[in-house]
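Student: from the sequence below, what's the structure:
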Amino acid sequence: MPDQRKVKRIVIIGGGITGLAAAHRLLELSRGSPDPIEINVLEASHRPGGVLKTTERDGFLIEGGADSFISEKPEALALATRLGLATRLIETNDRHRRSFIVRKGKLQPVPEGFQLLAPASFWPFVTTNIFSWTGKARMALDLIIPRRGQVNGDTDESLADFVRRRLGREAFERMAQPMIGGIYTADPEKLSLRATLPRFLDMEQAERSIIRALWKQKKRTSDKANKGVSGARYSLFLSFDKGMQVLADELAARLESRMQLNTKVEALALNESKTGWTIRLSDHSSVDADYLCLAIPAYGAASLLQETDAELAHRLNRIEYASTAIINIAYRRADVPHPLDGFGFVVPFIEGRSLLACSFSSVKFAGRTPADHVLLRVFAGGALQPDLFALDEDELLRRVKVDLRELLGITNPPLFADIEKWRRSMPQYHLGHLALVSTIMAGSQELPGLLLAGNSYGGAGVPDCIRSGESAAVEIWKRMVPSPVS
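Tutor: Below is the predicted model:
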C-alpha cells in the first residue's frame with residue numbers, strides 16, 4: 001500500500017547563521033526517520049550567512065561581519081567538526097596576543113590577566129598607565145567592599161552601576177565601557193549585566209570581591225597546568241582559513257534546494273484549522289507550514305506576527321537594536337608606522353573619537369593579506385554614537401582616517417577601504433531583558449508550531465546563534481516525534 005503519512009512541512013524564515021544551523025540540525029535529526037518531512041529556508045537577500053560575509057580583493061581576505069568565534073562556547077566548534085571543517089579552523093597568531101586601550105591619544109597595553117572589568121594579576125595592574133593611582137586605589141577597594149544584599153535570578157543591575165559600585169568610576173570609563181562596548185556596541189548605563197555577564201554577579205555573591213574571585217580562578221587554572229592537565233586545544237578565538245563565510249557556505253551547500261534566496265516574506269497567518277501557518281511571499285505566492293521558525297531579528301518577527309498576536313509583536317518590538325559600521329582598510333606595511341604588536345585596540349567613549357575599536361586583522365589571523373601589507377578592521381556607530389553610523393560613507397571614512405592618523409601615525413592614503421553598514425544588527429540587552437524574553441517565549445508557545453530563534457534573545461555571538469537555531473530545531477523535532485532527542 002502507498003505511504004499515507006502526511007508530510008510535515010517546516011519553514012525557517014531567515015538564512016543567517018541561526019536559520020542555517022536550525023535547518024541543518026533538522027536534517028541531522030531526520031536521518032533514518034520514517035516520518036516524511038520537508039524543510040525550507042526562506043532568505044530575503046541574495047546570499048546566505050547574514051553577518052558572516054567574507055570577500056576577497058586583491059589578495060586581501062575581508063570580513064564584512066563577524067571575523068571569529070569564541071571557543072569557550074562549544075556550539076560553533078562542534079558544528080564545524082560535524083561538518084568536516086575542523087581542518088580548516090585556524091587559531092589567532094601565537095605572537096602579539098594582546099590588545100590596547102586608548103588613553104589620551106596613546107595606545108596602552110591592556111594589563112596581562114585583566115578580565116574585562118577587573119585585574120586577575122597584581123603587578124601588571126599596578127604598573128599599567130591606563131589608570132591613575134587614585135583609580136587603582138579605588139579599584140583595590142573591591143577587596144573590602146561588602147557584597148550587595150542577597151540577590152536572586154530576577155535581580156538586575158546595569159553594567160555601569162555594577163562596575164562603579166564595585167571598582168569605581170575610572171574602572172568603568174577607562175576599561176569596562178570600551179571593552180564591553182567593543183562586544184555589544186551598547187550603552188552600559190542601560191545594559192543588563194545579568195543578561196550579558198552574569199558570572200561577575202555570581203563572583204560577587206560567591207567571593208564578595210570580584211578581584212579576589214579572579215585571583216582564585218587564575219590560581220585554579222595555574223594549578224591544573226602544573227598538574228599536567230591540558231588546556232583547550234584551540235586558542236580563545238577561532239576562524240576559518242578562508243574566513244567565516246566558510247561555515248555559512250558549507251551549511252547552505254548541505255541544504256541544497258531547501259534554501260531559497262531572494263525570497264521575501266510579506267505576511268504570516270494561521271491556517272483555517274489554526275494548526276499551522278500560511279506564509280505569503282512578495283511575489284504573491286504562498287507557502288504552507290506545520291512548523292515555523294522565525295530566525296530573524298525581533299523587530300522583523302514583530303512585523304510578521306502583528307496581525308496574528310499584537311501583544312507578542314509589541315513585546316518583540318521592545319527589544320532595541322544598535323547599528324554598526326565595519327570599515328576594512330588596506331595599507332602597505334611601510335605606510336603604517338605603528339609596530340602593530342597586538343590584535344587591536346578599543347577606544348573609551350570619553351576619548352571623543354569617531355571609532356569604537358580597531359582590529360589588526362593581518363596580525364590577528366594568518367593569510368589575510370599579501371606579504372608586506374596590513375588590513376585594519378574599524379568599528380563605528382553603536383548605541384553611543386548613532387550619528388556616526390548615519391554619516392555618508394565618504395565622511396565616515398574621512399573621520400576614521402583622522403583617528404588612524406592620530407593613533408597609529410598613518411598619513412598615506414589606503415590602497416582601498418571597504419565599508420559594510422549593518423543597520424539594526426545588534427540587539428541591546430537592556431535592564432529587564434531576561435524577564436522580557438521569558439514573556440516573549442511564553443507568548444510564542446501559545447501559537448501552534450512557532451519557534452523564535454536568533455541573537456535577539458539569549459546571546460549575540462556566533463555560537464549563541466548556532467545554539468539558538470539548533471535548540472529551535474530540537475524543539476520542533478520533539479513536537480513532531482515525541483521521543484527522547486540527544
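
Student: for the stretch 251-400 of the chain, what spans make up the strands?
Tutor: In the stretch 251-400 of the chain, the segments counted as strands under DSSP state E, counting those that start in this stretch are 259-260, 265-270, 277-281, 286-289, 291-294, 321-332, 344-346, 357-360, 373-381.

Student: got a markdown table for the ones you listed, with mean neighbour count and mean pLDDT too?
Tutor: Backbone N, C-alpha and C define where each C-beta goes, glycine included. As requested, the strands of the stretch 251-400 of the chain are exported to a markdown table (neighbours: other CB atoms under 10 Å; pLDDT from 0 to 100):
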| stretch | mean neighbour count | mean pLDDT |
| --- | --- | --- |
| strand 259-260 | 19 | 95 |
| strand 265-270 | 17 | 95 |
| strand 277-281 | 18 | 95 |
| strand 286-289 | 16 | 94 |
| strand 291-294 | 26 | 98 |
| strand 321-332 | 22 | 97 |
| strand 344-346 | 23 | 95 |
| strand 357-360 | 25 | 96 |
| strand 373-381 | 24 | 97 |
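
Student: make TSV from those and add distance to K106 to it.
Tutor: Formatted as TSV, these follow (distance: least, CB to CB, whole Å):
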stretch	distance to K106
strand 259-260	49
strand 265-270	50
strand 277-281	54
strand 286-289	56
strand 291-294	46
strand 321-332	20
strand 344-346	10
strand 357-360	14
strand 373-381	18
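
Student: for these, which one sits closest to E173?
Tutor: Ranking the strands of the stretch 251-400 of the chain by proximity to E173 (CB to CB) places strand 344-346 first, at 12.4 Å.

Student: ok, the closest one: who's next to it in the sheet?
Tutor: strand 100-103 (parallel), strand 357-360 (antiparallel) (DSSP bridges).

Student: can you redo those as a markdown table with distance to S456?
Tutor: Output for those, formatted as a markdown table (distance: least, CB to CB, whole Å):
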| stretch | distance to S456 |
| --- | --- |
| strand 100-103 | 30 |
| strand 357-360 | 23 |
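
Student: L238 is nearest to which of the ones you listed?
Tutor: Of all those, strand 357-360 comes closest under CB to CB, at 14.8 Å.

Student: could you dump that closest one to CSV, C-alpha only?
Tutor: Output of strand 357-360 as CSV, limited to C-alpha atoms (Å, rounded to 0.1, in the frame of the first residue of the first chain):
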residue,chain,number,x,y,z
ALA,A,357,37.6,49.8,18.1
CYS,A,358,40.1,48.7,15.5
SER,A,359,41.3,45.1,14.9
PHE,A,360,44.6,44.4,13.3
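
Student: N271 contacts W277, doesn't it?
Tutor: Yes: N271 is within contact range of W277, at 6.4 Å (criterion: CB atoms under 8 Å).

Student: list the residues that contact both of the two?
Tutor: Common neighbours of N271 and W277, using CB atoms under 8 Å, 6 or more residues apart in numbering, are D288.

Student: which strands and helices sit next to the helix or strand hosting L29?
Tutor: Using DSSP states H and E, L29 sits within helix 17-30. Applying 3 or more CB pairs under 8 Å, 6 or more residues apart in numbering; DSSP states H and E, one finds that helix 17-30 makes contact with strand 8-13, strand 37-42, helix 75-82, helix 245-255, helix 462-480.

Student: so which of the strands of the stretch 251-400 of the chain comes closest to T128?
Tutor: Using CB to CB, these put strand 344-346 closest to T128, at 14.3 Å.

Student: residues in contact with the closest one?
Tutor: Contacts of strand 344-346 (CB under 8 Å, 6+ apart): 99-102, 107, 178-179, 181-182, 356-360, 363-364, 377, 407.

Student: so G64 makes contact with T324?
Tutor: No: with contacts counted by CB under 8 Å, G64 stays clear of T324, the gap being 11.4 Å.

Student: from E256, how far off is T278?
Tutor: Here the distance between T278 and E256 works out to 25 Å (CB to CB, to the nearest Å).

Student: kindly report the same for D403.
Tutor: 45 Å.

Student: these two: which has the busier surroundings?
Tutor: Higher neighbour count among D403 and E256: D403, with 20 against 8, using other CB atoms under 10 Å.

Student: name the next helix or strand downstream of the helix or strand that contains the more buried one, please.
Tutor: Element membership of D403, judged by DSSP H and E, is helix 393-408. Helices and strands here follow DSSP H and E; after helix 393-408, the next one along the chain is strand 416-427.

Student: drop anything exposed from the contacts of strand 344-346.
Tutor: Buried subset of the contacts of strand 344-346 (neighbour count, 16 or more other CB atoms under 10 Å): 99-102, 107, 178-179, 181-182, 356-360, 363-364, 377, 407.

Student: returning to that earlier point: tell me the helices and strands packed up against the helix holding D403.
Tutor: strand 321-332, strand 373-381, strand 416-427.

Student: of the ones you listed, which is nearest E28?
Tutor: Going by CB to CB, the one of the helices and strands packed on helix 393-408 nearest E28 is strand 416-427, 27.4 Å.

Student: now the angle from the closest one to strand 373-381?
Tutor: Put simply, strand 416-427 runs at 40 degrees to strand 373-381, going by axes from the mean of the first three to the mean of the last three CA atoms, to 10 degrees.

Student: following element in sequence after strand 416-427, please.
Tutor: Once the chain leaves strand 416-427, the following helix or strand, as judged by DSSP H and E, is helix 433-444.

Student: residues of that following helix that come out buried?
Tutor: Buried, per 16+ other CB under 10 Å, within helix 433-444: H433, L434, L436, V437, I440, G443, S444.

Student: could you export it as CSV, CA atoms only?
Tutor: Taking C-alpha atoms only, helix 433-444 is exported to CSV below (Å, rounded to 0.1, in the frame of the first residue of the first chain):
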residue,chain,number,x,y,z
HIS,A,433,15.9,41.7,29.1
LEU,A,434,15.7,38.3,30.6
ALA,A,435,12.2,38.9,32.0
LEU,A,436,11.1,40.3,28.7
VAL,A,437,12.5,37.3,26.8
SER,A,438,10.7,35.0,29.2
THR,A,439,7.4,36.6,28.5
ILE,A,440,8.1,36.6,24.7
MET,A,441,8.9,32.9,24.7
ALA,A,442,5.8,32.1,26.8
GLY,A,443,3.7,34.0,24.4
SER,A,444,5.2,32.3,21.3
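
Student: contact partners of that helix?
Tutor: Applying CB under 8 Å, 6+ apart, the external contacts of helix 433-444 come out as 153-154, 156, 192, 194-195, 298, 309, 311-312, 315-316, 318-319, 450-452, 457-458.

Student: again, 10 Å this time
Tutor: 153-154, 156, 190-192, 194-196, 198, 294, 298, 301-302, 305, 309, 311-316, 318-320, 427, 429-430, 450-452, 456-458 (CB atoms under 10 Å, 6 or more residues apart in numbering).

Student: what subset of these is buried?
Tutor: When the contacts of helix 433-444 are checked for burial by 16+ other CB under 10 Å, the buried set is 156, 190-192, 194-196, 294, 298, 301-302, 305, 309, 312-313, 315-316, 319-320, 427, 429-430, 450-452, 456-458.

Student: among the residues you listed, name the ones in helices.
Tutor: R194, A195, T196, A298, A301, A302, L305, L312, A313, R315, L316 (DSSP state H).

Student: quick check, nearest of these to N262?
Tutor: Among those, A301 lies closest to N262 (CB to CB), at 20.3 Å.
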